[in-house]
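Asker: give me the fold of what follows.
(2 chains)
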Amino acid sequence: MTSETTPLRVRSGFGQELDAITLERARRGDMDACAAIYRKFGTPCFNLALRILGDRAAAEDVVQEVFLKMMNTLPGFRGDAPFGVWLKRMTANATIDTLRAGQRFADEDPEALFASMASRNVDADLRVDAWTLLMRLPPRARAVLVLHELEGYTHKELSDLFGQSESYSKSILARALKKLGDADESGRNAGGLAAVASNA
Amino acid sequence: MNNETLHPVLAELPVFEPDTALWSRIAAAHESATKPARPMPRRRPWRLAAGFATAAALVVAVIAALPRNDVEPGALVEGQSESQTLESEWRALTPVANRPAASLARLHMIDAALQAAYDRGAEPAELKPLWQQRNDALRGLILVARTDEVTRI
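Answerer: Presented below is the predicted three-dimensional model:
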């Protein structure tokens, strides 16, 4: 698989429509409308952060930060992009900032990024699921994979987000996919979830 | 791994729900961040006056409770009487022309202090030492006058 994969844009939930009345009420500071937005987009926000950070408490902190920021900046939301896209970008930015703050972005070199997990290949005897496979990747690789494959970020957008070149995120993505493939193959041999997924 | 194999794996990713209390925490944080600081209640004039009255009453009570250096009214009268006697004696001994200006200046200062104390209604405890000072000054003047008289003889 190359970096030119067609992103998978399912499951994220940011593509949901938000009706104009709720948006306008929220823009005026109506907390019931804000609560309605949370009920619609809180879970997608949480899962985006959780899939990258791998930590439930940290992901909830991101959701809180994003919704507080949303309520503060909503009056200035011009509607140039769909609301879900706007909120997704805020969530991605807050998540990446959390990764940076936690020094989990230390390795800039893709080679070094994956070196630490070289000895952590899937145990052939272990049945693995998709979550376990994802969590075995380094945080930055998870971020690239999730944002590109699940949330539809382009490599240009990823390069802006990470402050790196496009080839950097392409390299990370290619390595992440290879690691996943290796792990998936091991899981398949072990009769794990990947085997089930491939039959689906 | 390619699209055909990756996407089914990613599609298997579970969807987790955040803590059910998370929105409550967010709403509370938003409220505390946007709620303006509680304004200071406007101070009403009658409350200000009542405050001053209370403070004044407290000062009066404290002063009343302070141990007083009570001076018997008789002692004050005695000092005044003695002063009159001493002054008469001094005037008899010293003609107006011979009265030394420096000695008179001290007497005049004490008299001014006494006058001011009486004008503001000073207590006997404050007046008594002033009368004593005046009498001491007069004794000094009398002593000087007698000495001059002996010298002249």
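Asker: and residue A:153, what's its pLDDT?
Answerer: Listed pLDDT for residue A:153 reads 93.
Asker: not counting sequence-adjacent ones, nearest residue to it?
Answerer: Of all residues not flanking residue A:153 in the chain, residue A:147 sits nearest, at 4.1 Å (Cβ to Cβ, 6 or more residues apart in numbering or on different chains). All C-beta spots, glycine's among them, are computed from the backbone N, C-alpha and C.
Asker: state the distance from that neighbour to residue A:154.
Answerer: Distance, residue A:147 to residue A:154, using Cβ to Cβ, to the nearest Å: 10 Å.
Asker: cool, and residue A:60?
Answerer: Distance, residue A:60 to residue A:154, by Cβ to Cβ: 28 Å.
Asker: looking at the two, which is more packed in?
Answerer: Taking neighbours as other Cβ atoms under 10 Å in any protein chain shown, residue A:60 and residue A:154 compare with residue A:60 leading, 21 against 13.
Asker: does the strand or helix carrying that one reach chain B?
Answerer: Assigned by DSSP states H and E, residue A:60 belongs to helix A:56-73. Yes: judged by Cβ under 8 Å from any Cβ of the partner chain, helix A:56-73 comes into contact with chain B at A:56, A:59, A:60, A:63, A:64, A:67, A:68, A:71.
Asker: pull out the buried positions in the helix or strand hosting residue B:115.
Answerer: Assigned by DSSP H and E, residue B:115 belongs to helix B:101-119. For helix B:101-119, burial by neighbour count (16 or more other Cβ atoms under 10 Å in any protein chain shown) applies to B:103, B:107, B:110, B:113, B:114, B:117.
Asker: in a markdown table, list those along with pLDDT and distance to residue B:136.
Answerer: Below are those laid out as a markdown table (pLDDT from 0 to 100; distance: Cβ to Cβ, whole Å):
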| residue | pLDDT | distance to residue B:136 |
| --- | --- | --- |
| B:103 | 69 | 12 |
| B:107 | 83 | 10 |
| B:110 | 87 | 9 |
| B:113 | 86 | 14 |
| B:114 | 85 | 13 |
| B:117 | 83 | 17 |
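Asker: dump those residues into a markdown table; add distance to residue A:101 as well.
Answerer: Below are these laid out as a markdown table (distance: Cβ to Cβ, whole Å):
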| residue | distance to residue A:101 |
| --- | --- |
| B:103 | 88 |
| B:107 | 86 |
| B:110 | 81 |
| B:113 | 76 |
| B:114 | 81 |
| B:117 | 76 |
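Asker: check which helices and strands the longest helix along chain B sits against.
Answerer: Identified as the longest helix of chain B according to DSSP state H is helix B:124-152. Helix B:124-152 sits against helix B:73-93, helix B:101-119, with contacts defined as 3 or more Cβ pairs under 8 Å, 6 or more residues apart in numbering or on different chains; DSSP states H and E.
Asker: which among the ones you listed is found nearest to chain A?
Answerer: helix B:101-119 (69.0 Å; Cβ to the nearest Cβ).
Asker: quick one: the helices in chain A?
Answerer: Here chain A has its helices, by DSSP H, at A:20-27, A:31-53, A:56-73, A:83-101, A:110-115, A:130-135, A:139-145, A:155-162, A:166-189, A:193-199.
Asker: just name the most buried of those helices.
Answerer: Neighbour counts (mean count of other Cβ atoms under 10 Å in any protein chain shown) averaged over each of the helices of chain A peak at helix A:139-145, with a mean of 25.
Asker: so which residues make contact with that one?
Answerer: Helix A:139-145 has contacts (Cβ atoms under 8 Å, 6 or more residues apart in numbering or on different chains) with A:51-54, A:95-96, A:99, A:104-105, A:107, A:113-114, A:134-135, A:137, A:158, A:162, A:169, A:172-173, A:175-177, A:179-180.
Asker: can you sort out which of these also neighbour chain B?
Answerer: Okay, of the contacts of helix A:139-145 touching chain B (Cβ under 8 Å from any Cβ), that's A:51, A:134, A:177, A:180.
Asker: wait, isn't the first one in contact with residue B:14?
Answerer: Spelled out, it's residue A:51. No: between residue A:51 and residue B:14 no contact is recorded; they are 9.7 Å apart, counting by Cβ atoms under 8 Å.
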